[in-house]
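> I'll drop the sequence and a predicted model, then ask my questions.
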Amino acid sequence: MQITFLGTSSGVPTRNRNVSALALRLPQRSEIWLFDCGEGTQHQFLKSELRTSQLRRIFITHMHGDHIYGLPGLLASLGLAGNSFGLDLYGPNALKIYLDGVLKSSSSGISYPMQILPVEQFAYQNLVVFEDKEFVVRCSPLTHRIPAFAYRVDQKAKPGRFDINKAKALKIPPGPIYAQLQNGEEVKLPDGRTFHGKDFCGPERAGASFVYCTDTVFTESAINLANGADLLIHEATYAHQDSELAYQRMHSTSTMAAQVASEANVGQLILTHFSPRYAPGNRFSTSDLLNEAKAIFPNTLLAKDFLQIDIQKHATVRDT
């Protein structure tokens, strides 16, 4: 799994940061999942190596404009391009009302299959939002001025490494049979011999996991959702010195995000969703937010637009 930050500002864009959007790339299946879609997100796609034609799922955290204003334009452009195989959208109950209204009033036709799935009942009942053979998606309610939700993606455990030398030594013909054995299946050869996949594979390999948490003030539900995750991406709209403002506007400080990471025992924390008041040149900058967070949770990074993270059991970082 690979994360690309497409927008890391809160409220309004700045010269260096667009508003909220995060792309999860699943290279093994040429698929992209998008988390939030602030204004200008499709322009951010054009500036990156990502392709909107690979978009398959979009997860919306809440209905504030800096998280959804880019959605109608992106959906309409996908329709005009004619290269979408279909989209599933997940979000608050109001998401369908919003999209139905804006697409109808703008006469924007959607030429591809699209369904909008409300997540509120799943979040409050601790139910799985989406699951297939490789991934599980869950969400939890946050504490914000309107209904807001955090998402967690878990990659299911993968089969252990296949012992190809053992298979060769037993003169098992290569090809599809190797794939069957690696999947743990039982295989019977034309010569009558039978082999069990479990005898050729090592221990299962745990999959990677990440949590996307924005917008919220400090809440126990975020800790519970993020428990043991490899990567936590958490909003840090304000510095610790602006805690009163954070509580008034129901956002997190850098120290709140770090506290969630520490109590959830995550592998790595990345701060995002920064107030423009901490832009370069101002008295207090995002570097100060980073230092505040690292004092509580040392393995912390600052997000920036187009930063990429390869999510494994230990995340690695590179710029585009």
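The structure has been received and is ready for your questions.
> Sort out which residues of stretch 8-18 are buried, please.
8-11, 13-14, 17-18 (16 or more other Cβ atoms under 10 Å). Every residue, glycine included, has its C-beta placed from N, CA and C.
> then that stretch to CSV, C-alphas only?
As requested, the backbone C-alpha atoms of stretch 8-18 are provided in CSV (Å, rounded to 0.1, in the frame of the first residue of the first chain):
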residue,chain,number,x,y,z
THR,A,8,-2.5,19.0,3.7
SER,A,9,-4.0,22.4,4.6
SER,A,10,-7.1,23.1,6.7
GLY,A,11,-9.9,25.3,5.8
VAL,A,12,-8.4,27.1,2.8
PRO,A,13,-5.5,26.3,0.4
THR,A,14,-2.2,28.1,0.7
ARG,A,15,0.6,28.6,-1.8
ASN,A,16,2.2,25.3,-0.8
ARG,A,17,-0.7,23.2,0.5
ASN,A,18,-4.0,22.3,-1.0
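> neighbouring contacts of that stretch?
Residues from elsewhere that reach stretch 8-18 (Cβ atoms under 8 Å, 6 or more residues apart in numbering): 6-7, 19-20, 38-41, 43-44, 66, 215, 235, 237, 251, 272-276, 279-280, 303-305.
> one more time with 7 Å
6-7, 19, 38, 40, 44, 66, 237, 272-276, 279, 303-305 (Cβ atoms under 7 Å, 6 or more residues apart in numbering).
> swap in stretch 243-250?
So stretch 243-250 is contacted by 143-145, 216-217, 237-238, 252-253 (Cβ under 7 Å, 6+ apart).
> if we go to 10 Å?
Identification of contacts with stretch 243-250 by Cβ atoms under 10 Å, 6 or more residues apart in numbering yields 10-11, 142-146, 148, 215-219, 236-240, 242, 251-256, 275, 277.
> thinking again about what came up before, buried among the contacts of stretch 8-18? Make that a ChimeraX selection.
ChimeraX command restricting the contacts of stretch 8-18 to the buried ones, with burial defined by 16+ other Cβ under 10 Å:
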select :6,7,19,38,40,44,66,237,272,273,274,275,303,305
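> before we move on, back to that, show me the buried residues of stretch 8-18 that map onto helices.
The helices, defined by DSSP state H, take in nothing from the buried residues of stretch 8-18.
> Nothing else from me, thank you.
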